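1. Sequence first, then the predicted structure, then my questions.
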Amino acid sequence: GYDIRSTLRVLFNSDFFKNSRRERVKSPVEVVAGTMRLVGGAEFPLPGYGELARQPLYMGQDLLNPPSVEGWHTGEEWINSGNLVERVNFMTRMVGDVGRPGIAAFVEGLKKTPNLSPDELVDACLDLLGLAELGPDAKHELLSHASESGDLVWNGDTESSTERALEMLQLVVSLREYQRA
């Protein structure tokens with residue numbers, strides 16, 4: 001009956017759709033666009049926009065120069081030693097900048113809980129980045145790292161607490177699971 005709602009309902013409830021989550025590697029454009037959407041501050045053209053537009057090129061995707069008439073390939077070929085380092089460096093630089101509106105809002109949200117356990121800190125970071133399903137090894141490593149410094153307490157040295165929260169975000173964006181869409 002040409003009802004798009006019915007079509008979307010069938011698609012979104014299908015096992016195929018549910019099982020395809022995190023099955024492919026994000027392209028460089030997806031990495032840049034998703035990261036900038038998360039951190040904010042790039043809604044309007046400002047100085048530095050040109051450099052931001054070149055980031056996918058540094059990660060191996062020259063936007064206006066596809067490798068063939070087919071367009072861009074997908075999958076693991078986006079990951080090699082050089083591109084992976086560039087991807088992680090870009091993402092950690094962006095999420096480590098508390099001057100970005102999205103990151104500042106995240107830190108302010110964390111401050112509402114004066115005392116965060118390592119579990120709560122890790123879960124808050126995973127929640128912000130949309131990583132509800134994380135492998136047990138990766139989650140264990142994050143918890144282990146967060147536990148080294150104990151609870152995150154906001155009364156006192158907020159600068160060091162902010163640094164700890166940003167460091168955890170940086171660790172999460174460098175995970176293998178975050179590279180997948």
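-> Looks like it arrived, so ask away. Numbers count the residues shown, from 1 in each chain.
2. Quick check: buried residues in stretch 29-47?
-> 30-32, 34-36, 38-39, 41-42 (16 or more other C-beta atoms under 10 Å). C-betas here are computed from N, CA, C, even on glycine.
3. can you map out the strands along the protein?
-> 115-116, 152-153 (DSSP state E).
4. Make CSV from these and add mean neighbour count, mean pLDDT and distance to R9 to it.
-> Formatted as CSV, the strands of the chain follow (neighbours: other C-beta atoms under 10 Å; pLDDT from 0 to 100; distance: least, C-beta to C-beta, whole Å):
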stretch, mean neighbour count, mean pLDDT, distance to R9
strand 115-116, 16, 90, 38
strand 152-153, 18, 90, 41
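5. Tabulate the ones you listed (a markdown table), appending distance to N80.
-> Below are these laid out as a markdown table (distance: least, C-beta to C-beta, whole Å):
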| stretch | distance to N80 |
| --- | --- |
| strand 115-116 | 37 |
| strand 152-153 | 36 |
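6. Count the neighbours of T113 for me.
-> 13 (other C-beta atoms under 10 Å).
7. Mind pulling the model confidence for it?
-> Reading off the confidence values, T113 has pLDDT 87.
8. residues contacting it?
-> Shown in contact with T113 (C-beta atoms under 8 Å, 6 or more residues apart in numbering): 120, 154.
9. How about V98?
-> So V98 contacts 104, 107, 162, 166 (C-beta under 8 Å, 6+ apart).
10. Would you mind measuring from it to I4?
-> With distances taken as C-beta to C-beta, to the nearest Å, V98 is found 41 Å from I4.
11. what's stretch 126-134 in contact with?
-> Against stretch 126-134 from outside (C-beta under 8 Å, 6+ apart): 21-22, 38, 106, 139, 142, 169, 172-173, 175, 177-178.
12. now with 10 Å?
-> With C-beta atoms under 10 Å, 6 or more residues apart in numbering as the test, stretch 126-134 has contacts from 21-22, 34-35, 38, 91, 95, 102-103, 105-106, 109-110, 122-123, 125, 138-140, 142, 168-169, 172-173, 175-178, 180.
13. Backbone torsions only: list them for G156.
-> Note on G156: its backbone torsions stand at phi 130, psi -120 [degrees, to the nearest 10].
14. What ranges in this protein fall below the confidence cut-off?
-> Residue ranges of the chain with pLDDT under 70: 20-22.
15. Helices along this structure, start to end?
-> Secondary structure of the chain (DSSP state H): helices at 4-13, 15-19, 28-39, 49-58, 81-95, 101-111, 118-128, 136-148, 158-173.
16. Can you tell me which helices and strands the fifth one packs against?
-> With contacts defined as 3 or more C-beta pairs under 10 Å, 6 or more residues apart in numbering; DSSP states H and E, the packing partners of helix 81-95 are helix 28-39, helix 49-58, helix 101-111, helix 158-173.
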